[in-house]
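>>> Everything below, folded, please.
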Amino acid sequence: MGPPDHPAVETIELTAVMHALSDDARLAVVRELACGGERPCGSFDLGVSKATASHHFRVLREAGITATRIDGKRRLLSLRRDDLETRFPGLLTAVLNAAATPSQAPDAPVPA
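Below is the predicted model of the structure:
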């Protein structure tokens, strides 16, 4: 099996991005990646089965929100922040700020 496909920046669609971010589990993945950088797929505690987690990771990747890198047997997930900012300036920051957890200050910016 080769490396996963990722959409080119110019082909990322707003509807796909918004659909992917409309799910709480996927939004939690994006929030964690925004705060902590690249992580192994198995390190996320989404409270769902492995198959469902894989589905969420695939939706995020196919929407152009995340990139998946294979390192041996591990799959590492990272946020395509620069690509999203190029395609839709300010969108990711706005969505993450709007979806901030109650423990975060409402006006606190999401870490870059």
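>>> so how far is residue 97 from the closest residue to residue 44 other than its chain neighbours?
The shortest distance from residue 44 to any non-neighbouring residue, by C-beta to C-beta, 6 or more residues apart in numbering, is to residue 29 (5.8 Å). Quick note: C-beta positions are derived from backbone N, CA and C, even for glycine. Taking C-beta to C-beta, to the nearest Å as the measure, residue 29 falls 17 Å from residue 97.
>>> Please identify which of these two sits among more neighbours.
Between residue 29 and residue 97, counting by other C-beta atoms under 10 Å, residue 29 is the more crowded of the two (25 against 15).
>>> hmm, back to that, just to confirm, which helix or strand has the residue nearest to residue 44 in it?
Using DSSP states H and E, residue 29 sits in helix 24-36.
>>> try residue 84
helix 81-87.
>>> on contacts alone, who are the packing partners of that helix?
Applying 3 or more C-beta pairs under 8 Å, 6 or more residues apart in numbering; DSSP states H and E, we find helix 81-87 packed against helix 91-98.
>>> State the distance from the residue minimising distance to the centre of the chain to residue 48.
The residue lying closest to the centre of the chain (C-alpha atoms, centre = their mean) is residue 30, at 3.6 Å. Note on residue 30: its distance to residue 48, by C-beta to C-beta, is 16 Å.
>>> same question, residue 59
From residue 59 over to residue 48 (counting by C-beta to C-beta), the distance is 13 Å.
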